[in-house]
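Engineer: just coords:
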């Protein structure tokens, strides 16, 4: 498995809104361990899940997605 992704923008937005992982799990209809695995990068987020979280927080989905690290983008 590659390097885990920590989703800092998602974590920042959740913390700023005072929303915890249990609330996210309830909103998505998941058990908390499913959210924990996603937050650790063990399971990738689906865009539909991120959109549902963005709706919960009242922010655009792009707010939850981090820019790739410099040098990690492959151009053609």
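Structural biologist: Great, that's in hand. Everything numeric here is computed off the predicted structure, so don't read it as measured data.
Engineer: What are the neighbouring residues in contact with the spatially most central residue of the chain?
Structural biologist: Centroid check for the chain by C-alpha atoms, centre = their mean gives residue 10 as the closest residue, at 4.6 Å. Remark: with contacts taken as C-beta atoms under 8 Å, 6 or more residues apart in numbering, residue 10 is in contact with 39, 45, 50, 53, 64, 65, 66. (Glycine included, C-beta is placed from N, CA and C.)
Engineer: gap between the two ends of stretch 9-28?
Structural biologist: One end of stretch 9-28 sits 19 Å from the other (C-alpha to C-alpha, to the nearest Å).
Engineer: Check which residues of it are buried.
Structural biologist: Applying a neighbour-count criterion of 16 or more other C-beta atoms under 10 Å, one finds 10, 13, 14, 21, 23, 24, 25, 27, 28 buried in stretch 9-28.
Engineer: now swap in stretch 50-61 and tell me
Structural biologist: Within stretch 50-61, the residues that qualify as buried are 50, 52, 53, 54, 56, 57, counting by 16+ other C-beta under 10 Å.
Engineer: Redo those as JSON lines? Include pLDDT and distance to residue 34.
Structural biologist: As requested, those are arranged in JSON lines below (pLDDT from 0 to 100; distance: C-beta to C-beta, whole Å):
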{"residue": "50", "pLDDT": "94", "distance to residue 34": "14"}
{"residue": "52", "pLDDT": "97", "distance to residue 34": "13"}
{"residue": "53", "pLDDT": "97", "distance to residue 34": "13"}
{"residue": "54", "pLDDT": "96", "distance to residue 34": "18"}
{"residue": "56", "pLDDT": "97", "distance to residue 34": "16"}
{"residue": "57", "pLDDT": "97", "distance to residue 34": "18"}
